[in-house]
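**Student:** need the 3D shape of this:
(one chain, ligands or ions: 2)
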Amino acid sequence: MLDAEFFRRWMSAMAAAVDREAGRLTELDSAIGDADHGSNLQRGFAAVTAALEKEPPGTPGAVLALAGRQLISTVGGASGPLYGTLLRRTGKALGDEGEVTPAQLAEALRAGVDAVAQLGGAKAGDKTMLDALIPAAGALGESLSFGAARAAADEGALATVPLQARKGRASYLGERSIGHQDPGATSSALLISTLADTADTADTGDTADAGEAGA
Ligand code: ADP
Ligand code: MG
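**Tutor:** Ligands and ions are numbered 1, 2, ... in the order given. A predicted model of the protein is given here:
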């Protein structure tokens, strides 16, 4: 079972990953955007961890809802409302239970990903964060393995390289967006990867991931 502490640790792990990878995310955004994706998410997830420390919510749903609100209010770029919607909607779908199963999280994540698609009007193959999130939610729903979700997200992010951007700032470049990995798909792969890391270091009873716990 996954409790509020698990979700707080996931958000802290994401904040740390974004700090570590900010340079790379901004570099990717400088190729097909405006070079702010790393700093946008750094600012957003720093606010998320500060808010979660100040007043730790008691349920998984409330942790994600608070995180989503922080992202919406602190990130100026397109990614703020999109990530904020992802986390808020996922949190809402988890309801007010104190603990949730990986299956419940998989279903909630799918609702969150659907909300991102609805808000941004993008679909699979448009070279956006959805190209990592859709396969990740699909893999998690099918296998209930966070490791499988991580692999699917990483693969989806890499697969954005040959795509032409159809949504967001990168779409203004037309064919010149081809040949670069999408920054938002890359940060979404980080979000799923940190989820898998959090599961690896927790006793979730998720035997599908038991072999991947590492050191
Ligand atoms: P901005 O484009 O406003 O500078 P960011 O640089 O923080 O915002 O985020 C850019 C990322 O946001 C893109 O790489 C893409 O993955 C994602 N994105 C942009 N528009 C959309 C959209 N309509 N739907 C889904 N994702 C989008
Ligand atoms: Mg940008």
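
**Student:** and residue 187, what's its pLDDT?
**Tutor:** Looking at residue 187, its pLDDT reads 98.

**Student:** which secondary structure element is home to it?
**Tutor:** Applying DSSP states H and E as the criterion places residue 187 in helix 183-200.

**Student:** which other helices and strands contact that helix?
**Tutor:** Contacts defined by 3 or more CB pairs under 8 Å, 6 or more residues apart in numbering; DSSP states H and E place helix 183-200 against helix 4-32, helix 37-54, helix 79-94, helix 130-143, helix 146-158. Heads up, the C-betas are built off the backbone N, CA and C, glycines and all.

**Student:** quick one, it and helix 146-158 angle?
**Tutor:** 170 degrees (axes from the mean of the first three to the mean of the last three CA atoms, to 10 degrees).

**Student:** is helix 183-200 in proximity to ligand 2?
**Tutor:** No. Figure legend: helix 183-200 not in contact with ligand 2 (CB under 5 Å from the ion); closest approach 6.9 Å.

**Student:** please save the CA atoms from that helix in CSV.
**Tutor:** Written as CSV, here are the backbone C-alpha positions of helix 183-200 (Å, rounded to 0.1, in the frame of the first residue of the first chain):
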residue,chain,number,x,y,z
PRO,A,183,12.0,18.7,-22.8
GLY,A,184,8.6,18.0,-21.3
ALA,A,185,8.7,14.4,-22.3
THR,A,186,12.2,14.2,-20.7
SER,A,187,11.0,15.7,-17.4
SER,A,188,7.9,13.5,-17.4
ALA,A,189,10.2,10.5,-17.7
LEU,A,190,12.0,11.9,-14.7
LEU,A,191,8.7,12.1,-12.8
ILE,A,192,8.0,8.4,-13.5
SER,A,193,11.6,7.4,-12.8
THR,A,194,11.5,9.0,-9.4
LEU,A,195,8.2,7.2,-8.7
ALA,A,196,9.9,3.9,-9.5
ASP,A,197,12.9,4.9,-7.3
THR,A,198,10.4,5.7,-4.4
ALA,A,199,8.8,2.4,-4.9
ASP,A,200,12.2,0.6,-4.9
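
**Student:** export only the CA atoms of stretch 24-42, formatted as PDB.
**Tutor:** The C-alpha coordinates for stretch 24-42 follow below in PDB (Å, rounded to 0.1, in the frame of the first residue of the first chain):
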ATOM      1  CA  ARG A  24      19.900  19.300 -19.300                       C
ATOM      2  CA  LEU A  25      16.200  20.200 -19.400                       C
ATOM      3  CA  THR A  26      17.000  23.800 -20.100                       C
ATOM      4  CA  GLU A  27      19.500  22.800 -22.800                       C
ATOM      5  CA  LEU A  28      16.800  20.600 -24.500                       C
ATOM      6  CA  ASP A  29      14.400  23.600 -24.300                       C
ATOM      7  CA  SER A  30      17.000  25.900 -25.800                       C
ATOM      8  CA  ALA A  31      17.100  23.700 -28.900                       C
ATOM      9  CA  ILE A  32      13.300  23.800 -29.600                       C
ATOM     10  CA  GLY A  33      11.900  26.300 -27.100                       C
ATOM     11  CA  ASP A  34      12.900  29.200 -24.900                       C
ATOM     12  CA  ALA A  35      15.500  27.700 -22.600                       C
ATOM     13  CA  ASP A  36      13.500  27.800 -19.400                       C
ATOM     14  CA  HIS A  37      12.100  24.300 -18.800                       C
ATOM     15  CA  GLY A  38      14.800  23.400 -16.200                       C
ATOM     16  CA  SER A  39      14.400  26.600 -14.200                       C
ATOM     17  CA  ASN A  40      10.600  26.500 -14.500                       C
ATOM     18  CA  LEU A  41      10.400  23.000 -12.900                       C
ATOM     19  CA  GLN A  42      13.200  23.800 -10.300                       C
END
